[in-house]
Each structure stands twice: as C-alpha cells, then as structure tokens.
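> Fold the stuff below for me.
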Amino acid sequence: MSKLDASMDRFSSALDRLEATINRQVLRAQAAKRLQEEVETLKEDRAELAEELDQLKSEARRLNELNERASETLADAIEGIREVLAES
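Numbering: from 1, shown residues only. This is a model prediction of the structure:
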C-alpha cells in the first residue's frame, strides 16, 4: 500500500467519524428541540390549570358565602317559627 493509499484511508476514516459526529449532533439538536417544545406545552398547560384553579377557588368561596347566608336565613326562620309556637 502506498503512502497515498494510506493517507486516503485515514482521510476517509476521518470523514466517516466526522459524519457520524455530525449525525449525532443533529439527533441531539432534534431531541433538544422536541424537549423544548414539550416544556413549552407543559408551561402552557400549567398556566391554564393555574387559571382554572383560581376560578374554582373563587367559585368555592362564593358558594361558601352563599351557604353561610342560607344557614343564617334558615336559623332566623327556625327561630321565628319557635317564637310563633311559643306564643301559641
């Protein structure tokens, strides 16, 4: 084998390694892009869930207030009925 053939073999081997390295980098970049897209989707989902949670908490507070008012109204009505019965 001549020096030229040996040099060409080394050059070809180096090109193969370079191509393999580039392919791995491309695959990593694609994987990183997919992960970034997933992270963005999860962030959007989290924001939507946080907003929904805030709305549900607000609704729960409103329902608790209505429940307290209804309980007070019922208690007043019961007391009024007791007074009427006591007078009879």
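> What pLDDT is listed against S58?
Looking at S58, its pLDDT reads 98.
> okay, now it: neighbour count?
For S58, the neighbour count with other C-beta atoms under 10 Å is 10. For every residue, glycine as well, the C-beta is placed using N, CA and C.
> swap in D76?
D76: 10 neighbours (other C-beta under 10 Å).
> And the strands in this structure?
Using DSSP state E, the chain contains no strands.
> And the helices in it?
Ranges of helices within the chain are 3-87, based on DSSP state H.
> pLDDT below threshold where in it?
The chain contains no residues with pLDDT under 70.
> Recalculate using a threshold of 80.
Applying pLDDT under 80 to the chain flags the ranges 1, 88.
> Can you get me a residue count around E59?
10.
> L66 versus that one, what's the distance?
Between E59 and L66 the computed distance is 10 Å (C-beta to C-beta, to the nearest Å).
> and if you look at A29?
Distance, A29 to L66, using C-beta to C-beta: 56 Å.
> what sits against I81?
Not one residue lies near I81 by C-beta atoms under 8 Å, 6 or more residues apart in numbering.
> Then E38?
Neighbouring residues of E38 by C-beta under 8 Å, 6+ apart: there are none.
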